[in-house]
Each structure stands twice: as C-alpha cells, then as structure tokens.
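S.K.: The amino acid sequence is not available; the structure is as follows:
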DNA sequence: CGAAGTATTGAGACGTCTCAAAATTAGTGG
DNA sequence: CCACTAATTTTGAGACGTCTCAATACTTCG
C-alpha cells in the first residue's frame, strides 16, 4: 500500500504549505496508494491527514440511513481533499479507480499555518473555493432539470479531465447520478439525448470517453 | 436609511475581529437599515462590506436566467454574511423583513486578519461553518423527499428563531420553497401534513408562528 | 470465452409541479 | 378602528418529469 514515488519536483503540483522558497520549512509529505473502491477516510472519523490526488480519482459523499447517497465532489489529479477545520471528516472519501495520493498530517499543516501567514491564507483560499463549488452545486441540485445538470457536469469535467478534446471520465453513471441528485437511468437518458442532439460523441468502445461538440450551445443548457 | 444605534455593548453579539480585549485595534463598524424586500448587495457586485444582522432577517440567493431561484442561506440575528474571499459577492442578499445590519469594510477586516492571527482564524472558522452548512444542504437538495426537507427546515429554524418554544418564521412559503428546492404549494402541503400528524401547531391567526411537538419524532423524518 | 459488472432502453408508477380557485391574513387609507 | 384591497396560504385536480422495475446490450476482466 505504501509507495515512495518522488516524481520530478518540477512536474508535480504544489501541495498546501509548500513553497518554491526551499529555505522555508515544509510539512512532511508521504505517498499512499488505494485500490479502486477503497475507502480513504470515513465520515465522522478523526481528520488526521490532508490529501492530494497524484493519480486517479476520488469521490466524497454523505449517506442517509437508508443508503441514499449524495456525492459532494470529485477529486481529480492535483486536487486537495480531506481538509477540515474541525476535528472530524464531514464526508466519506473513496478511490473511484486505483489512486495514489500524497498526504500530510493535519497537525503539521496547522503548525505551518500558525507560523506562516501565507499558508494560512492558502488554507482560507482552498476552503473558499470548496464553498464556492458547494454554492453552485446547491443551485444545480435545487433548481436545474436533469438535462441541465448533466450538461453542467460535462462542462465541469471537460475543464478538468479533458486532454486533446477527449474527456475520459473515471466515474460510473451511478457516481454521476449521485453527484447530480438523479438516478443512473436518468443520467444515461440525458447523455443519450445529448448524443442524439449532436452535443457529444462517445469514443471507441467505451461509454466513458466523450468528446464535446458545440460547447457554447451546450453552455446554454447549463442555465 | 442610516442609523447609529449603539446598543449596550454587553448585549450585542461579537463581530468578526472584535475582541473583549479593548486595547486591540478593532475594525470600524457602522449600522444600516434596510426595509423589507430591499437588496443589500447583488450577485457579482464588488464585495466592499461584510455584514452582521442586528435585527430582522436576510436571504442570500442565486438566480437562473429564467428566474428560478435558489436560496443558499437565511441570515438571522447575530449572523454574519457577505463574507467573501474573492472580490465579488457570490449571492444576492435581500432583507426579508425590515432589517438593521452592522457592517465593516472588507479591506479593514483583511488588514486586521493580516495583523492578527486570531482574526485570521476566525475568518477561516466562519468560512468553514458556511461550507459545512452548504454540504449538508447539498444532501438535502439532492436526496431528501419534500417531507424530509420541510422537517429538516423546521428543526434548523427551531434551533435559531425559537423563543419559549415558539418559532416565529420571518420568511414566506415561497422563500422556504426556494431554500428547499420545492414549490411553495409543496411546502404548504408538507406543513399541513405535519400538522395533521401532530408534529406542529400553528399559533394565533398566523401561519408563521409554529410550535413543534415531539421534536425527537420529527428528527426521524430528517433522515 | 464465460462471467460479472456497467450502460442503455422501455413501460408504468409515483412525487412534485402547474394551474386554478378559495380561504385567510396583512396592509392601507379614510 | 373599519373597510377595502393586496398579498399570502391552503387546497384541489390534472400534467409532467423523474424514478422504479425489468429486460437487453455492451464492456471488462479473469
């Protein structure tokens, strides 16, 4: 489970509290791997670590007692997650595919923030962008139709996982559904409908590689 | 519009950056009044001030182009709102009833945070509790039934506006609906249903004063 | 190649929305 | 304070969008 890949420092994204200024004391960072489906941390568990996706993808979700699930966010390469102000995690986090993460002890990060106003501001800035995402997602969940939700999802993911115009989605229809507050069947129907209307193509023999056509028209569906 | 009520310092809630230690430099705070329905700030406007409700109630919302509205939060007496990390407001804020607010210049607050790690931590803590509220609200909007949503709303408000067991709601059924991602008719039907089932009583000749009965049973509806 | 997992599609059920009317409450001016 | 009007809330009936259940097709992986 434990790995020590020290990728070329230039290539890897900056972690919280890391600075180009190498003289500054940095928080200790190690690396772990999780296989597809593995739980990284559970809701209401003590928040001991903060994580960053090096490779793979992660879903963060809450459950109701009867199993209904709401995914609050997907974490892709470079994303930091598991950052809590309180002592406990407020989501369960699972690897969607085989995933490697870097992790830092929360305590160390807090010390770094206490010592360094810049780290402290980074922390606030990260929390704020999480908040901003949640605010936009409330609008989607409360007021958008299934087609609008799926269009918004595609546009969000297009900006995050697309390379050379091809979007390779790591998550299943069920994951998408639980992110958008729909059922997997409704997501599938919406994708078929967008395909019929020429907004997207499925690539090769998979349903998870998608090319968006006419992005500006698609954006009109994301009111 | 402008008022200078200096309530007894002991009675009024602490504002961001204010400390009991009076020797510490505090951010300048003034007071304003808004009549029922007045806009306090608009979405995408520059965020010049941060606000705290002294009396009244405020709704923060986003709109879609065709008028669909999602209220992200209600701000009641003591609540701080309009706090942004970026330069712009991400919601429109309106007075639900005649409302007076205290306000501080964002710039000053930022200076205070730079100078004082305690203020900085307060800022992070406030942002985190906003995030936590949004996270819980995503679960409600994405996965709960209308009855569960209304039950959750009543429990939330019970903890915030109840005095002597009586909850005096400042907001209309439409506001509640736009908060819960429902229509006002569905909210009304859910309240009637909860009334029939004995979970609540309407007080006097108004539909906005409510007494909750059997809170623990009601909590079971809020899965 | 077979088996398990995932995605699509169809048909009908169900919950919430829409439209409409009536009842109730709040607001306004005399 | 009353009378009138406007706004809000409740309730009903039918429409509509999404969900549920089921069957089939497709993809992945051993």
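M.R.: On my side now, so go ahead. If you're wondering where the values come from, they're calculated on a predicted model, not measured in any experiment.

S.K.: do you know how far the residue minimising distance to the centre of chain A is from residue A:138?
M.R.: The C-alpha lying nearest the average C-alpha coordinate of chain A belongs to residue A:75 (C-alpha atoms, centre = their mean; 1.8 Å). Per C-beta to C-beta, to the nearest Å, residue A:75 is found 19 Å from residue A:138. In this view, the C-beta of every residue, glycine as well, is placed from N, C-alpha and C.

S.K.: Residue A:178 is in contact with residue A:71, isn't it?
M.R.: Yes: counting by C-beta atoms under 8 Å, residue A:178 touches residue A:71, with 4.6 Å between them.

S.K.: Could you tell me which helix of chain A is the longest one?
M.R.: Assignment by DSSP state H gives helix A:117-143 as the longest helix of chain A.

S.K.: From the contact counts, what lies against that helix?
M.R.: Using 3 or more C-beta pairs under 8 Å, 6 or more residues apart in numbering or on different chains; DSSP states H and E, the elements in contact with helix A:117-143 are strand A:69-75, helix A:106-115, helix A:146-161, strand B:58-63, strand B:69-75, helix B:117-143.

S.K.: Output the ones you listed in JSON lines; the columns should cover mean pLDDT.
M.R.: Below are the helices and strands packed on helix A:117-143 laid out as JSON lines (pLDDT from 0 to 100):
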{"stretch": "strand A:69-75", "mean pLDDT": "98"}
{"stretch": "helix A:106-115", "mean pLDDT": "93"}
{"stretch": "helix A:146-161", "mean pLDDT": "97"}
{"stretch": "strand B:58-63", "mean pLDDT": "98"}
{"stretch": "strand B:69-75", "mean pLDDT": "98"}
{"stretch": "helix B:117-143", "mean pLDDT": "96"}
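
S.K.: So residue A:213 sits against residue A:197, correct?
M.R.: No: under the criterion of C-beta under 8 Å, residue A:213 is not in contact with residue A:197, lying 9.6 Å apart.

S.K.: I'd like to know the beta-bridge partner residues of the residue nearest to the centre of chain A.
M.R.: residue A:58 (DSSP bridges).

S.K.: measure it to residue A:179 for me?
M.R.: 12 Å.

S.K.: list the residues that contact both of these two?
M.R.: Shared contacts of residue A:75 and residue A:179 (C-beta atoms under 8 Å, 6 or more residues apart in numbering or on different chains): residue A:59.

S.K.: For the residue nearest to residue A:91 when sequence neighbours are not counted, which residues are in contact?
M.R.: Distances taken as C-beta to C-beta, 6 or more residues apart in numbering or on different chains place residue A:60 nearest to residue A:91, at 3.9 Å, with adjacent residues excluded. Residue A:60 makes contacts with A:71, A:72, A:73, A:74, A:75, A:81, A:91, A:92, A:93, as judged by C-beta under 8 Å, 6+ apart.

S.K.: Who are the packing partners of the helix or strand encompassing the last one?
M.R.: Okay, so that is residue A:93. Take DSSP states H and E as the rule and residue A:93 turns out to sit in strand A:92-95. Counting contacts by 3+ C-beta pairs under 8 Å, 6+ apart, strand A:92-95 is packed against strand A:39-41, strand A:58-63.

S.K.: so can I have TSV of the ones you listed showing distance to residue A:127?
M.R.: Listed next are the helices and strands packed on strand A:92-95 as TSV, based on distance: least, C-beta to C-beta, whole Å:
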stretch	distance to residue A:127
strand A:39-41	18
strand A:58-63	14
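
S.K.: To residue B:156, which of those lies closest?
M.R.: strand A:58-63 (16.3 Å; C-beta to C-beta).

S.K.: so the residue nearest to the centre of chain A touches residue A:54, yeah?
M.R.: No: if you go by C-beta under 8 Å, residue A:75 and residue A:54 don't touch, sitting 11.1 Å apart.

S.K.: Am I right that residue A:94 is in contact with residue A:41?
M.R.: No: using C-beta under 8 Å, residue A:94 is not in contact with residue A:41, being 9.2 Å away.

S.K.: one step back: dump the helices and strands packed on helix A:117-143 to JSON lines, plus distance to DNA strand C.
M.R.: Converted to JSON lines, the helices and strands packed on helix A:117-143 look like this (distance: least, C-beta to the nearest atom of the strand, whole Å):
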{"stretch": "strand A:69-75", "distance to DNA strand C": "14"}
{"stretch": "helix A:106-115", "distance to DNA strand C": "32"}
{"stretch": "helix A:146-161", "distance to DNA strand C": "10"}
{"stretch": "strand B:58-63", "distance to DNA strand C": "15"}
{"stretch": "strand B:69-75", "distance to DNA strand C": "12"}
{"stretch": "helix B:117-143", "distance to DNA strand C": "10"}
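
S.K.: Tell me which of the ones you listed sits nearest to residue A:28.
M.R.: Of all the helices and strands packed on helix A:117-143, it is helix A:106-115 that lies closest to residue A:28, at 6.1 Å by C-beta to C-beta.

S.K.: contact partners of that closest one?
M.R.: A:16-17, A:25-28, A:47-50, A:84, A:119-120, A:123, B:117.

S.K.: Please apply the same query to stretch A:164-179.
M.R.: Counting by C-beta under 8 Å, 6+ apart, A:56-57, A:59, A:61, A:69-71, A:74, A:76, A:96-97, A:150, A:153-154, A:157-158, A:161, A:183-184, A:186-188, A:203, A:207-212, B:142 sit against stretch A:164-179.

S.K.: Tell me which residues of that stretch come out buried.
M.R.: Neighbour-count burial for stretch A:164-179, counted by 16 or more other C-beta atoms under 10 Å in any protein chain shown, picks out A:167, A:169, A:170, A:171, A:173, A:175, A:176, A:177, A:178, A:179.

S.K.: now the last one: how far from residue B:127?
M.R.: Here the distance between residue A:179 and residue B:127 works out to 23 Å (C-beta to C-beta).

S.K.: Got the phi and psi for residue A:221?
M.R.: phi -80, psi -20 (degrees, to the nearest 10).

S.K.: Can you name the residues that contact the residue nearest to it when sequence neighbours are not counted?
M.R.: Leaving aside its sequence neighbours, residue A:221 sits nearest to residue A:151 (C-beta to C-beta, 6+ apart; 3.9 Å). Residue A:151 sits next to A:194, A:199, A:218, A:219, A:221, A:222 when contact means C-beta under 8 Å, 6+ apart.

S.K.: Go again with 10 Å.
M.R.: Neighbour list for residue A:151: A:144-145, A:190, A:194, A:199-200, A:212, A:217-223 [criterion: C-beta atoms under 10 Å, 6 or more residues apart in numbering or on different chains].
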